[in-house]
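A.B. asks: generate coordinates for the sequence data below:
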Amino acid sequence: MSAAGPTVPRVSVVTGGALGIGGAVSRRLAGLGDLVILNDIDAAAAEKTAAEITESGGRVITVIGDVVEDRTVAALTEAVAVRGRVDVLVNNVGDFRPASRDFLHSRPDQWQRLYELNLLHVLKVTHALLPTMVEQRSGSIVNNSTVEAFRGIPANAAYSGYNAGVSAFTKSLAVETGQYGVRVNAIAPDLADTPQTPHDAMLRGRDPELLRSWIPLGRFGHVNDYASVVAFLASDEARFVTGHTVPVDGGTLAASGWYAREDRKGWTNMPNHP
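C.D. replies: Predicted structure coming up:
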């Protein structure tokens, strides 16, 4: 009996893969043995995360650049072509900034940037890498949406709308690509303690004991909470799961709403009183 040959590692692409949820996803997939192609606009952060992965025995290469730009998408495509396959694509990039106080005072240039950051690049990167998955008759795509795609969020109408598009795209593409063995899912995070949305800034002096009154699980999400769900959706354990957006929110989507502030200065989804 001949010995089995070496296992070929999965090739996983993670956009915005240096910090926050993306950084946790990059580390988690590398820890599972994947070769991670890590894209980020922040070169220093990307190299730091790549160094940590390498020091932990993982495999990673970096593709530096703004993923909304065609040249960055081309560089990701080339990195995949060199390796001859792509097994996992995590379209992680997204941002609620630039923000305005309400839609009435927002500007078309803000809408355009939010469109590029939250929806357009998802279409571009997926369109570029999907042919490889179709050819190999396998692959898993995991998009990053938001719980705000499923509930109203004041001052962020465009952001919410584009992420609703991400979840709709996820469902529709899953229907198209199932015949090729390609699954498409998404996560919908809320209240992640990351550099983009730090715990202290979100609380703004509120009593942390109030967390349990609007987050059923009583805490903000850790980046590894989100990375774990991404890793599951990308794995063979989720082989019969496709077309879904999974809320990863501690229960906020089930329990919470937005409330007009008592001082009439905007809105909050965080209680100010016990």
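A.B. asks: can you pull out the strands in the stretch 101-250 of the chain?
C.D. replies: Secondary structure of the stretch 101-250 of the chain (DSSP state E, counting those that start in this stretch): strands located at 139-144, 182-189, 245-248.
A.B. asks: make CSV from those strands and add distance to Leu29 and mean pLDDT to it.
C.D. replies: No exception for glycine: its C-beta is placed from N, CA and C like everyone else's. Shown next, in CSV, are the strands of the stretch 101-250 of the chain (distance: least, Cβ to Cβ, whole Å; pLDDT from 0 to 100):
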stretch, distance to Leu29, mean pLDDT
strand 139-144, 10, 98
strand 182-189, 14, 98
strand 245-248, 16, 97
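A.B. asks: ok, now how distant is Gly57 from Arg27?
C.D. replies: Separation of Gly57 from Arg27 (Cβ to Cβ, to the nearest Å): 12 Å.
A.B. asks: neighbour-wise, which of those two wins?
C.D. replies: Counted by other Cβ atoms under 10 Å, Gly57 and Arg27 do not tie: Arg27 has more neighbours, with 23 against 9.
A.B. asks: excluding chain neighbours, what is closest to that one?
C.D. replies: The shortest distance from Arg27 to any non-neighbouring residue, by Cβ to Cβ, 6 or more residues apart in numbering, is to Ile53 (6.1 Å).
A.B. asks: surely that neighbour touches Ser26?
C.D. replies: Yes: here Ile53 reaches Ser26: they are 6.7 Å apart, a contact under Cβ atoms under 8 Å.
A.B. asks: packing partners of whichever strand or helix holds Ala44?
C.D. replies: Secondary structure assignment for Ala44, by DSSP states H and E: helix 43-55. Helix 43-55 is packed against helix 20-31, strand 35-40, strand 59-64, with contacts defined by 3 or more Cβ pairs under 8 Å, 6 or more residues apart in numbering; DSSP states H and E.
A.B. asks: pick the most buried one from the ones you listed.
C.D. replies: Comparing the helices and strands packed on helix 43-55 on average neighbours per residue, with mean count of other Cβ atoms under 10 Å, the densest one is strand 35-40 at a mean of 28.
A.B. asks: pLDDT on that one, on average?
C.D. replies: Average pLDDT, strand 35-40: 98.
A.B. asks: strands paired with it, and their directions?
C.D. replies: The strands beside strand 35-40 in its sheet (DSSP bridges) come out as strand 11-15 (parallel), strand 59-64 (parallel).
A.B. asks: out of those, nearest to Thr126?
C.D. replies: Closest to Thr126 of those is strand 11-15 (Cβ to Cβ; 10.3 Å).
A.B. asks: gap between the closest one and the chain center?
C.D. replies: From the chain centre to the centre of strand 11-15 is a distance of 12 Å (Cα atoms, centre = their mean, to the nearest Å).
A.B. asks: and the pLDDT for Ser12?
C.D. replies: We have a pLDDT of 98 for Ser12.
A.B. asks: hmm, who's touching stretch 168-181?
C.D. replies: The contact list for stretch 168-181 (Cβ atoms under 8 Å, 6 or more residues apart in numbering) reads 119, 122-123, 126, 130, 133-134, 137-139, 141, 143, 145, 183-186, 242-245.
A.B. asks: chain center to stretch 89-103, what's the gap?
C.D. replies: 11 Å.
A.B. asks: may I see the buried residues of it?
C.D. replies: Neighbour counts over stretch 89-103 (16 or more other Cβ atoms under 10 Å) mark Leu89, Val90, Asn91, Asn92, Val93, Gly94, Phe96, Pro98 as buried.
A.B. asks: what sits against Leu38?
C.D. replies: So Leu38 contacts Val14, Gly17, Ala18, Ser26, Ala46, Thr49, Ala50, Ile53, Val60, Ile61, Thr62, Val63 (Cβ under 8 Å, 6+ apart).
A.B. asks: right, and the last one touches Val36 too?
C.D. replies: So that's Val63. No: here Val63 lies out of contact with Val36, judged by Cβ under 8 Å, at a distance of 10.7 Å.
A.B. asks: neighbours of Gly16, just the number please.
C.D. replies: Residues lying near Gly16 (other Cβ under 10 Å) number 29.
A.B. asks: select only the buried ones of the contacts of stretch 168-181 in ChimeraX?
C.D. replies: A single ChimeraX command is used to select the members of those judged buried by 16+ other Cβ under 10 Å:
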select :119,122,126,130,133,134,138,139,141,143,145,183,184,185,186,242,243,244,245
